[in-house]
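**Q** This is a predicted model, with the sequence first.
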Amino acid sequence: MSDPTASSCRSCGQSFTPSADLLARFPGWTPRECPRCYGGAKRGGRGGGVAASIRAGEQQLTLAQVLERYDAGPDDGVFTDGSASPNPGPGGWGAVYVVAGEVIGQDHGHEAHTTNNRMELTAVLHGVELVPTGTPAVVYSDSNLVVRTINEWAAGWAARGWRRKTGPVENLDLVQPLYERVSARPELELRWIRAHVGNRWNEYADALATAYARDRL
């Protein structure tokens, strides 16, 4: 028989049962996070390891949980995401290529010490490679900085020998090859998508990016 007091944690998705003392102190209230995730968020990840740190800002859902929970958003294109927690710190990236709601290809990875921006750029670099040359596709990133860097600013930097007016280009080792790769693929469009608003494949890319901190993909 199922426990009527059991809840599902909004952060990790696991079922948990609030203590009787907690329920007695707050009648009618249902906790939204399990004790482990709530404690990790309150501590900002200190003492809880990589997974606890990420839970403070990420949902930490598996790919299967994402597909079960979300169904909104575009069903075609490449969806990318990257993060580091803390920033800088351990980080990961993920990319998935989808056609008519079916996964055609995906890739993910992580680094021991990196930044959010580097992981976002790396995700788009790998995402572009998932699309066969000549095949039109939209490449989505939830980093407005990455999208504007490639679509608006990189051409000017390239014309000045890869320098900004104010100094060196940050993460040039990633920005330059990404700009050159996207410029060589006119059939691809890089577009911003809002993060964590229920877009299925953006959430899926997020789950790929944080997979290094979980036991299950």
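**A** It's in. In this text the structure is predicted, and so the values were computed from the model without any measurement.

**Q** Helices of this protein, start to end?
**A** 20-25, 35-43, 49-55, 63-69, 116-129, 144-148, 154-159, 172-183, 200-209 (DSSP state H).

**Q** winner for burial among those helices?
**A** Neighbour counts (mean count of other Cβ atoms under 10 Å) averaged over each of those peak at helix 200-209, with a mean of 26. All C-beta atoms are positioned from the backbone trio N, CA, C, and that covers glycine.

**Q** What helices and strands are in contact with that helix?
**A** helix 63-69, strand 77-84, strand 89-99, strand 102-114, helix 116-129 (3 or more Cβ pairs under 8 Å, 6 or more residues apart in numbering; DSSP states H and E).

**Q** could you give me the average pLDDT of it?
**A** Helix 200-209 comes out with an average pLDDT of 97.

**Q** Quick check: bridge partners of residue 77?
**A** residue 98 (DSSP bridges).

**Q** For it, list the residues it contacts.
**A** Residues in contact with residue 77 (Cβ atoms under 8 Å, 6 or more residues apart in numbering) are 97, 98, 137, 138, 139, 140, 201.

**Q** Which pLDDT does the model give the first one?
**A** Here, the pLDDT recorded for residue 97 equals 98.

**Q** ok, so of the contacts of residue 77, who is nearest residue 168?
**A** Using Cβ to Cβ, residue 139 comes nearest to residue 168 of the contacts of residue 77, at 25.8 Å.

**Q** what's near enough to touch residue 175?
**A** Counted by Cβ under 8 Å, 6+ apart, residue 175 has contacts 121, 149, 150, 154, 157, 169.

**Q** from what I can see the fourth one touches residue 177, true?
**A** No: counting by Cβ atoms under 8 Å, residue 154 stays clear of residue 177, with 10.8 Å between them.

**Q** Give me the buried subset of the contacts of residue 77.
**A** Neighbour-count burial (16 or more other Cβ atoms under 10 Å) is assigned, among the contacts of residue 77, to 97, 98, 137, 139, 140, 201.
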